[in-house]
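Asks: Fold the following and give me the result.
(one chain, ligands or ions: 1)
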Amino acid sequence: MADVHRVLSLIDEIHHTLKWMKANGCRGFEARHSCLADSVAHMDDAPNTPPTSCALTSNILDDTPAMHIDPQDSLDSIQSDIVNCQRCKLAKTRTNIVFGEGTPSARLMFIGEAPGFDEDKQGKPFVGRAGQLLTKIIQAMGLTREQVFIGNVIKCRPPGNRNPEPDEILACAPFLNRQIAVIQPEFICALGTFAAQTLLHTTVPISKLRGQFHDCNGIQLMPTFHPSYLLRSPEKKRDVWEDIKLLMNAMGL
Ligand code: URA
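Replies: Predicted coordinates for the structure are as follows:
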């Protein structure tokens, strides 16, 4: 996982530096080390400083036509790009792609790890036992599943619910990036270690991340324990409720 985080951060940095150069008038440079250094040096008097932070909504495959983020992008067009996706080996073992569901104008997105057995069969996110618990959490907030957006970092079930592998994360990340860019939620609730660490590009454990908001490119992100973990460790429900209350408070619910 640490390697994937490093690659994602690096790609983010490159993406932002290139965007900054473009915004400040650069229209191209030769891809040689010395030439790139020269181009950046000539931009010393550029009005804006280059952004340095991780940007979740940057698209790591921005140069490939199918992955291009544009203001016209929509959940429908993302869904049509993902139909019959063969970008990683999970295509061979999945039953259904689990795109995610909810309203495109959601203020809050719940993001989990990857579909499990029931989700793979039905093509819908969080519909198994963990999903029923998530539905209860959403209802306890005074919301319905239809008022939020529920998705996953990985859209296809890893066989036997094993952890997603680095190539699968890299292949699938652009779809989540685009979903977030289109929905522009004010809040994200990252469910479990994998989602929280992937979205925040960190290896800090979920027990340390939870309980406070983290900035994710302008979106307030609250990490909390995964509902599947709560099924195994019900004593952690109290912690999750504390996290959810912080979310509700911030959302004015
Ligand atoms: N666990 C997840 O992370 N996502 C689902 O959709 C179901 C279970």
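Asks: Any regions of the stretch 51-200 of the chain where pLDDT drops low?
Replies: Where the stretch 51-200 of the chain drops to pLDDT under 70, the residues are 51-70.
Asks: Helices of that one, start to end?
Replies: 75-82, 117-122, 129-140, 166-183, 192-200 (DSSP state H, counting those that start in this stretch).
Asks: could the ones you listed be laid out in JSON lines, adding mean neighbour count and distance to the ligand?
Replies: Backbone N, C-alpha and C define where each C-beta goes, glycine included. Below are the helices of the stretch 51-200 of the chain laid out as JSON lines (neighbours: other C-beta atoms under 10 Å; distance: least, C-beta to the nearest ligand atom, whole Å):
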{"stretch": "helix 75-82", "mean neighbour count": "15", "distance to the ligand": "15"}
{"stretch": "helix 117-122", "mean neighbour count": "17", "distance to the ligand": "4"}
{"stretch": "helix 129-140", "mean neighbour count": "17", "distance to the ligand": "5"}
{"stretch": "helix 166-183", "mean neighbour count": "21", "distance to the ligand": "12"}
{"stretch": "helix 192-200", "mean neighbour count": "23", "distance to the ligand": "6"}
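Asks: can you put those helices in TSV and add distance to Thr95?
Replies: Shown next, in TSV, are the helices of the stretch 51-200 of the chain (distance: least, C-beta to C-beta, whole Å):
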stretch	distance to Thr95
helix 75-82	15
helix 117-122	5
helix 129-140	16
helix 166-183	16
helix 192-200	21
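Asks: Please name whichever of the ones you listed is nearest to Leu230.
Replies: Closest approach to Leu230 among the helices of the stretch 51-200 of the chain is made by helix 129-140 (6.0 Å; C-beta to C-beta).
Asks: name the helices or strands packed onto that closest one?
Replies: strand 108-112, helix 227-232, helix 237-251 (3 or more C-beta pairs under 8 Å, 6 or more residues apart in numbering; DSSP states H and E).
Asks: Give me the contacts around the shortest one.
Replies: Outside of strand 108-112, the residues within contact range by C-beta atoms under 8 Å, 6 or more residues apart in numbering are 102, 125-126, 134, 138, 143, 148-153, 176, 179-180, 183, 185-192, 195, 199, 226, 247, 251.
Asks: cutoff 7 Å now
Replies: Residues outside strand 108-112 that contact it (C-beta atoms under 7 Å, 6 or more residues apart in numbering) are 125-126, 134, 148-153, 180, 183, 185, 187-192, 195, 199, 226, 251.
Asks: Next: the longest one.
Replies: Applying C-beta under 7 Å, 6+ apart, the set of residues contacting helix 237-251 from outside is 107-108, 137, 141, 187, 189, 210-211, 213, 220, 222, 224-225, 230.
Asks: Just the buried ones from those residues, in PyMOL syntax?
Replies: Remark: buried members of these, expressed as a PyMOL selection using 16 or more other C-beta atoms under 10 Å:
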select buried, resi 107+108+137+141+187+189+210+213+220+222+224+225+230
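Asks: With distance to Ala171 added, can I get the contacts of helix 237-251 in a markdown table?
Replies: Converted to a markdown table, the contacts of helix 237-251 look like this (distance: C-beta to C-beta, whole Å):
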| residue | distance to Ala171 |
| --- | --- |
| Arg107 | 29 |
| Leu108 | 26 |
| Ile137 | 30 |
| Met141 | 33 |
| Phe187 | 27 |
| Cys189 | 24 |
| Arg210 | 28 |
| Gly211 | 32 |
| Phe213 | 29 |
| Gln220 | 28 |
| Met222 | 27 |
| Thr224 | 26 |
| Phe225 | 27 |
| Leu230 | 29 |
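Asks: so the residue in the stretch 51-200 of the chain that the ligand sits nearest to bridges to which residues?
Replies: Nearest residue of the stretch 51-200 of the chain to the ligand, counting by C-beta to the nearest ligand atom: Gly112, 2.8 Å away. Counting by DSSP bridges, Gly112 is bridged to Asn152.
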